[in-house]
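**Q** 3D, please:
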Amino acid sequence: MNVLIVYCHPEAKSFNGSLKDVAKETFEAQGDTVEVSDLYGENFDPVEKAEHYKNRIDLDKFDLLSEQRNAYKTDTLPDDVKKEIEKIEKCDLLILQFPMWWHQQPAMLKGWFDRVFVSGGLYTSKMRYDKGYFKGKRAICSITSGAPKTTFTENGRGGGEIEVLLRSMNFSLHYMGFTVFPPFLSTEIQNKGFTYMSPDKFDLHLKSSMKKWEEHLKNLDKEEPLNFSGWNDWDEFGMEKE
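**A** Residues are numbered from 1 along each chain as shown. From the prediction side, this is the model:
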């Protein structure tokens, strides 16, 4: 199996970095091939803009979707985007590793979605959802938060259940054709200066959290994917059929 980890954290020694390493080591120990896209480490530009397109079809106005379609058709996509697409095309499993910032993914990772999922190439009006370009591939989000797990309830301090908070992101993955697993949440991952745990207890908590992630990955095939609607579930107006 080929695994792609899209890792999004500005500090290589962060706990997110450790979870990335755990995933890499776990799959490689099973004989799988693992590739990592380190968005901060590779200085990935998350901001979509006209300067990325050297073969513009309209120099007077930047129509993003038109330029993406043309660049894909003429094989003139930016090199960093081409590289990411090639990595996804090779993988069987996509892991998105990131911290929860303001109840969503970091802007760097959102920009990765904006630039890499190219209109007219990786999705069209008909090539979406259960007929998406990446149909047959699987995806999972691994997220860290400083809040306790008990706060991730409908009205809790965490802002809601983690599946609800990340529904839009997971739906985007479904939009692209992925089979999406429920997100894996590592909680109470705090700065040592702000944690309420003793240093020894906090270190044990981090080690326990990494072990849980390792075991989760080893048993991923037993997980039930998230259930999303597909083309046969909607009427001609995109409304759910009764």
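**Q** can we go C-alpha only for contacts and neighbour counts from here?
**A** Will do.
**Q** any idea how far the closest residue to Glu84 other than its chain neighbours lies from Asp80?
**A** Leaving out its chain neighbours, the residue that sits closest to Glu84 by CA to CA, 6 or more residues apart in numbering is Val116, at 6.7 Å. Distance, Val116 to Asp80, by CA to CA, to the nearest Å: 9 Å.
**Q** of these two, who's got more company?
**A** Val116 (21 against 15; other CA atoms under 10 Å).
**Q** How about the contacts made by that one?
**A** By CA atoms under 8 Å, 6 or more residues apart in numbering, the residues touching Val116 are 81-82, 84-85.
**Q** need the contact list for Lys137.
**A** 91-94, 177-179.
**Q** And the contacts of the worst-scoring helix or strand of the chain on mean pLDDT?
**A** Here the helix or strand of the chain ranked lowest by mean pLDDT, DSSP states H and E is helix 162-165, holding a mean of 83. Contact partners of helix 162-165, identified using CA under 8 Å, 6+ apart, comprise 103-104, 152-153, 159, 182-183, 185.
**Q** Can I get the buried part of those as one ChimeraX selection?
**A** ChimeraX command restricting the contacts of helix 162-165 to the buried ones, with burial defined by 16 or more other CA atoms under 10 Å:
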select :104,152,182,183,185
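**Q** Kindly indicate which of the contacts of helix 162-165 lies nearest Phe237.
**A** Pro182 (28.3 Å; CA to CA).
**Q** Isn't the closest one up against Pro225?
**A** Yes - the pair Pro182 and Pro225 passes the contact test of CA atoms under 8 Å, sitting 6.4 Å apart.
**Q** I'd like to know which elements the next helix or strand after the least confident helix or strand of the chain is packed against.
**A** Following helix 162-165 in sequence order, the next helix or strand is helix 167-175 (DSSP states H and E). Applying 3 or more CA pairs under 8 Å, 6 or more residues apart in numbering; DSSP states H and E, one finds that helix 167-175 makes contact with strand 179-180.
**Q** partner strands of the strand it packs on, parallel or antiparallel?
**A** strand 138-144 (parallel) (DSSP bridges).
**Q** Please report how far the residue lying farthest from the centre of the chain lies from Ala50.
**A** Each residue of the chain has a distance to the centre, and by CA atoms, centre = their mean the biggest one is for Asp60: 33.8 Å. Per CA to CA, Asp60 is found 11 Å from Ala50.
**Q** what do you get for Glu89?
**A** 25 Å.
**Q** What are the phi and psi values at Arg69?
**A** Dihedral pair for Arg69: phi -60, psi -40, per degrees, to the nearest 10.
**Q** tally of neighbours for the residue nearest to it when sequence neighbours are not counted?
**A** Spatial nearest neighbour of Arg69, excluding adjacent residues (CA to CA, 6+ apart): Gly120 at 4.6 Å. By other CA under 10 Å, the residues close to Gly120 number 18.
**Q** for Gly120, what are its contacts?
**A** 65, 68-69, 72.
**Q** Could you rerun that using 10 Å?
**A** Taking CA atoms under 10 Å, 6 or more residues apart in numbering as the criterion, Gly120 is in contact with 65-73, 127.
**Q** Thr33 too?
**A** Listed by CA under 10 Å, 6+ apart, the contact set of Thr33 reads 1-4, 24, 27, 91-92.
**Q** Please apply the same query to Ala29.
**A** Ala23.
**Q** separation between it and Gly159?
**A** Plainly put, Ala29 is 37 Å away from Gly159 if you go by CA to CA.
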